[in-house]
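In: Would you be able to build a 3D model of this:
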Amino acid sequence: MDWPTFLEPISLSIQVSLIASVIMLVLSVLIAWRMARMRFFGKSIVDAILMLPLVLPPTVIGFILLVVFGRRSWPGKLYEKLFGGPIIFTWEAAVIAAVVVAFPLAYRTMKAGFEGIDRSLENSARVYGASEWQVFRYITLPLAFRSVTTGYILGFARGLGEFGATLMIAGNIPGRTQTIPTAIYVAMDGGSMRMAWAWAGSMVVLSFIMLLIVNRLTKEDY
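Out: Numbering: from 1, shown residues only. The predicted structure follows:
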């Protein structure tokens, strides 16, 4: 087996998923927390928009991302001005795709956790002079820790296995944008079943390790 060729997609996939999951974690925690606490007209519409990537085909998500971050869009022009090249067909584009497709799973899980917290505990802390940040940090977040951890792990796994949107916005350039799913596709298309099985096995192992970690963190290892 050509080990450099085998390890390149794995290394890139882990790199992309780690960065995407950190971004996704911050966004999903803050947005889920606010959505669980706020009451406003049109909340159901906003919630549906946030959940939309969960039900849209990956090709549709990839097409939208191409339009939003293409060279003719202002985000695309800004990125090209700052970094000297387009964001399309780069590993950064793969990160964007992973964040978009992983966010709804994390958001939905975390929002349910925040909604399940007894509000009287938070109100009691406010009565004793705690600020909103202190209430969130020392009461809300610890109580929702299991949901946040579960949402994070689901988001990481979803980003790790993303294929369609990543292929459209980041392409499949070996050593630059080729992740494990796209590498499996190319290997199967080229008849290299041994490599396809090896990459598929690595996906199973990585996902299994992440599930073990979340079980330890949530103390559910019976």
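In: For stretch 104-116, buried residues please.
Out: P104, L105, A106, Y107, R108, T109, M110, K111, G113, F114 (16 or more other Cβ atoms under 10 Å). Every C-beta, even on glycine, is put in place using the N, C-alpha and C of the backbone.
In: which SSE is the second one in?
Out: So that's L105. Secondary structure from DSSP states H and E places L105 in helix 91-115.
In: quick check, nearest of the buried residues of stretch 104-116 to I180?
Out: Closest approach to I180 among these (Cβ to Cβ): L105, at 18.6 Å.
In: Look up how far M210 lies from that closest one.
Out: 13 Å (Cβ to Cβ, to the nearest Å).
In: For the first helix or strand past the helix holding L105 going along the chain, name the packing helices and strands.
Out: The first helix or strand that comes after helix 91-115 along the chain, using DSSP H and E, is helix 119-127. In terms of contacts (3 or more Cβ pairs under 8 Å, 6 or more residues apart in numbering; DSSP states H and E), helix 119-127 is packed against helix 132-135.
In: Look at R39 and give its secondary structure.
Out: Classification of R39 using DSSP: H, G, I helix; E, B strand; the rest coil returns coil.
In: on that earlier part again, I'd like to know the average pLDDT value across the helix holding L105.
Out: Mean pLDDT, computed over helix 91-115, is 92.
In: Likewise for stretch 52-62?
Out: On average, stretch 52-62 scores 91.
In: from the middle of its chain, how far away would it be?
Out: Mean-position distance between stretch 52-62 and its chain equals 14 Å (Cα atoms, centre = their mean, to the nearest Å).
In: Quick check: which helices or strands does the helix-or-strand element of the chain with minimal mean pLDDT pack against?
Out: When the helices and strands of the chain are scored by mean pLDDT, DSSP states H and E, helix 193-217 comes last with a mean of 85. Helices and strands touching helix 193-217, by 3+ Cβ pairs under 8 Å, 6+ apart, are helix 3-37, helix 145-160, helix 180-189.
In: between those, which one is nearest to V205?
Out: For those, the distance to V205 is smallest for helix 3-37, at 9.9 Å, taking Cβ to Cβ.
In: Deepest-packed of the helices and strands packed on helix 193-217, please.
Out: Counting by mean count of other Cβ atoms under 10 Å, helix 145-160 has the highest mean neighbour count of those, with a mean of 22.
In: Could you list every helix and strand in contact with it?
Out: By 3+ Cβ pairs under 8 Å, 6+ apart, helix 145-160 packs against helix 3-37, helix 91-115, helix 193-217.
In: and the following helix or strand past it, what does it pack onto?
Out: As assigned by DSSP H and E, the chain's next helix or strand after helix 145-160 is helix 164-170. Packing partners of helix 164-170 (3+ Cβ pairs under 8 Å, 6+ apart): helix 58-69, helix 91-115, helix 180-189.
In: So for helix 164-170, what gets flagged as buried?
Out: G164, A165, T166, L167, M168, I169, A170.
In: now do stretch 54-62
Out: Under the neighbour-count rule (16+ other Cβ under 10 Å), stretch 54-62 has L56, P58, I61, G62 buried.
In: Same question for stretch 69-89.
Out: F69, G76, Y79, I87, I88, F89.
In: What is the nearest of those to D2?
Out: Of the buried residues of stretch 69-89, the one sitting nearest to D2 (Cβ to Cβ) turns out to be F89, at 23.8 Å.
In: helix, strand or coil for the closest one?
Out: coil.
In: and the gap between it and I173?
Out: F89 is 7 Å from I173, by Cβ to Cβ.
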